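Visitor: Below is the sequence, then the predicted model.
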Amino acid sequence: MQTGRLQQHADSFQSGADGYDRHRPSYPEASVDWLRGPASAPLEVLDLGAGTGKLSAQLLARGDSVVAVDPSADMLRVAAERMPQLRTLVGSAEHIPLPDSRVDLVTVAQAWHWMDEQAATREVLRVLRPGGRLGLIWNSRDESVPWVAALSEAMHQGMHPTAFTPALGDGMTLLGRHVARWNQHTTRAGILSLATTRSYYLVASPAEQRAMLARIEAVLDTHPETRAEAILLPYVTETWLAAPWTGESA
């Protein structure tokens, strides 16, 4: 498991699942299709670090059988309430509560950075069937847009990275990367609420939380794109596929 400050941020998601589910975006359909690959038959999928099941729902909609695993029982409660057909298990990436060779695909949405990459990779390799894959997906605000860059600075002021490049443990190799750009339809209140679901807000003191929301309000007051009733918040979604390393070229 992660230790110190990173573990503190990860532990911040043990509660507050309802707000997380309301305000966090899901993933572009093209990204989910690329992550699944060309399989026409339903897949057996482990959605690891599933949270409230944002990605699980999109996989279920494609006919896949999905097991959602997360350390937070509160997150899984929300997922199960929304998707009674979803199997949920409290567990971690470092100790996956599934038998060997159980799934065709392991997905990790917005969560690989919270995991011990070596231990998590060993467990992923254990539960994958021959020919199985690991899919990692990550939403980042598109900071090439000036007001979004200002928003990100107001949100975390360097406390937490917005971009993510995965590092894998021994025994797996990256196969490819897919990028999608899209806009989340939101409002001023939605952006403020989104900020309150971030780990760097959740672990901050009340004074730091108030200061962060004040900085965000100032950004929203400054830019014409954010003074409208409806706001388009630009995102970049990056998706990676990985597979067990065989010693041969992919």
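Guide: Right, received. Where do you want to start?

Visitor: If you drop the residues flanking it in sequence, what lies closest to Gly51?
Guide: Met75 (4.8 Å; C-beta to C-beta, 6 or more residues apart in numbering). To be clear about C-beta, it is placed using only N, CA and C from the backbone, and glycine gets the same treatment.

Visitor: Let me know the secondary structure of that neighbour.
Guide: What DSSP: H, G, I helix; E, B strand; the rest coil gives for Met75 is helix.

Visitor: Just confirm Ala119 contacts Gly171, I think it does.
Guide: No. Here Ala119 lies out of contact with Gly171, judged by C-beta atoms under 8 Å, at a distance of 11.8 Å.

Visitor: I'd like to know the average pLDDT value across the helix ranked longest in the chain.
Guide: As assigned by DSSP state H, the longest helix anywhere in the chain is helix 206-222. Averaging pLDDT along helix 206-222 gives 94.

Visitor: could you pull out the helices for this structure?
Guide: Listed in chain order, the helices of the chain (DSSP H) span residues 4-11, 17-23, 29-36, 54-60, 73-82, 117-127, 146-156, 188-195, 199-202, 206-222.

Visitor: And the contacts of the third one?
Guide: With C-beta atoms under 8 Å, 6 or more residues apart in numbering as the test, helix 29-36 has contacts from 43, 55, 58-59, 62, 64, 105, 107, 135, 137, 178, 180, 237, 239, 241.

Visitor: which residues sit in contact with the residue nearest to His95 when sequence neighbours are not counted?
Guide: Leaving out its chain neighbours, the residue that sits closest to His95 by C-beta to C-beta, 6+ apart is Glu123, at 7.0 Å. Shown in contact with Glu123 (C-beta under 8 Å, 6+ apart): Ala93, Glu94, His95, Ile96.

Visitor: and what of Val66?
Guide: Counting by C-beta under 8 Å, 6+ apart, Val66 touches Val45, Leu46, Asp47, Ser56, Leu59, Leu60, Leu86, Arg87.

Visitor: can you check Gly49 too?
Guide: Val69, Asp70, Pro71, Ala93, Val108, Ala109, Gln110, Ala111, Trp112, Trp114, Met115.

Visitor: Please list the members of these that lie in strands.
Guide: Applying DSSP state E to the contacts of Gly49, the entries found in strands are Val69, Asp70, Val108, Ala109.

Visitor: Out of those, who's the most crowded?
Guide: For the ones in strands among the contacts of Gly49, the largest number of neighbours (other C-beta atoms under 10 Å) sits with Ala109, at 29 neighbours.

Visitor: can you count the residues close to the residue nearest to that residue when sequence neighbours are not counted?
Guide: Distance criterion C-beta to C-beta, 6+ apart; nearest residue to Ala109, sequence neighbours excluded, is Leu55 at 4.1 Å. Here the count is done by other C-beta under 10 Å, and Leu55 has 27 residues near it.

Visitor: Wait, Leu55 touches Thr107, no?
Guide: Yes. The pair Leu55 / Thr107 is scored as a contact, 5.8 Å apart, by C-beta under 8 Å.

Visitor: any residues in contact with both of the two?
Guide: Between them, Leu55 and Thr107 share the contacting residues Asp47, Ile137, judged by C-beta under 8 Å, 6+ apart.

Visitor: now Leu174, nearest residue through space, not along the chain?
Guide: Of all residues not flanking Leu174 in the chain, Ala242 sits nearest, at 5.1 Å (C-beta to C-beta, 6+ apart).
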